[in-house]
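Q: okay, sequence plus prediction incoming.
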Amino acid sequence: MAAGAGDGVVLTSPKRDCLEYAISLHFPTTNNVAEYEALIHGLKIASELGACHLYIRGNSKLVVDQVMKEASCRDEKMVAYYAEVQKLEEKFDGFKLYHVLRHDNFAADFLAKLTSSRELTLRWYFL
């Protein structure tokens with residue numbers, strides 16, 4: 001478990017406008033917990049922005065499979081995170097989550113590394 005981690009959320013509109021969010025997690029976490037945290041934060045932000053349909057790319061195959069109902073949740077934490085995602089899912093007309101390799105999700109991975117290293121952040125990122 002990492003003693004604090006970072007998440008990156010990149011929201012891209014149909015017109016290709018991008019908003020990038022760097023999120024610091026100030027608690028010990030696993031990669032799957034960090035991935036759920038990023039997903040939940042991204043869903044909340046997208047909902048507040050009025051998004052209706054989402055195409056989501058995530059690095060964790062386990063989280064993607066759980067959310068898309070291709071795998072079950074066994075761990076108590078994962079069950080709680082999954083339940084939160086289900087609540088947020090109701091705010092959208094639909095969303096689909098796809099698994100991508102970390103190197104294919106460069107922008108979100110960069111933001112996660114930026115916040116987890118606790119380096120000074122750039123002025124163009126929401127924290």
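A: Yep, it's here.
Q: what about the helices in the protein?
A: According to DSSP state H, the chain carries its helices in the segments 31-48, 61-67, 76-89, 106-116.
Q: what's the separation between V63 and S13?
A: 24 Å (CB to CB, to the nearest Å). To be clear about C-beta, it is placed using only N, CA and C from the backbone, and glycine gets the same treatment.
Q: those two - which one has more neighbours?
A: Using other CB atoms under 10 Å, the more surrounded residue of V63 and S13 is V63, with 26 against 10.
Q: thought A38 was touching that one, still the case?
A: No: V63 is beyond contact range of A38, at 9.2 Å (criterion: CB atoms under 8 Å).
Q: tell me the phi and psi of D75?
A: Backbone torsions for D75, taken as degrees, to the nearest 10, come to phi -80, psi 140.
Q: okay, now the unreliable bits of the chain?
A: The model of the chain has pLDDT under 70 over residues 1-4, 102-127.
Q: run a quick neighbour tally on D17.
A: 8.
Q: gap between it and K44?
A: For D17, the distance to K44 - CB to CB - is 19 Å.
Q: now E37: closest residue in space, sequence neighbours ignored.
A: Closest residue in space to E37, ignoring its immediate chain neighbours: D7 at 5.5 Å, by CB to CB, 6 or more residues apart in numbering.
Q: bridged to that neighbour, which residues?
A: I23 (DSSP bridges).
Q: what's the burial count for it?
A: Using other CB under 10 Å, D7 has 24 neighbouring residues.
Q: from memory it sits against Y36, does it?
A: No: if you go by CB under 8 Å, D7 and Y36 don't touch, sitting 9.5 Å apart.
Q: what is the neighbour count of E89?
A: 13.
Q: who's in contact with it?
A: Residues near E89 by CB atoms under 8 Å, 6 or more residues apart in numbering: L43, F95.
Q: how near is it to Y98?
A: 15 Å.
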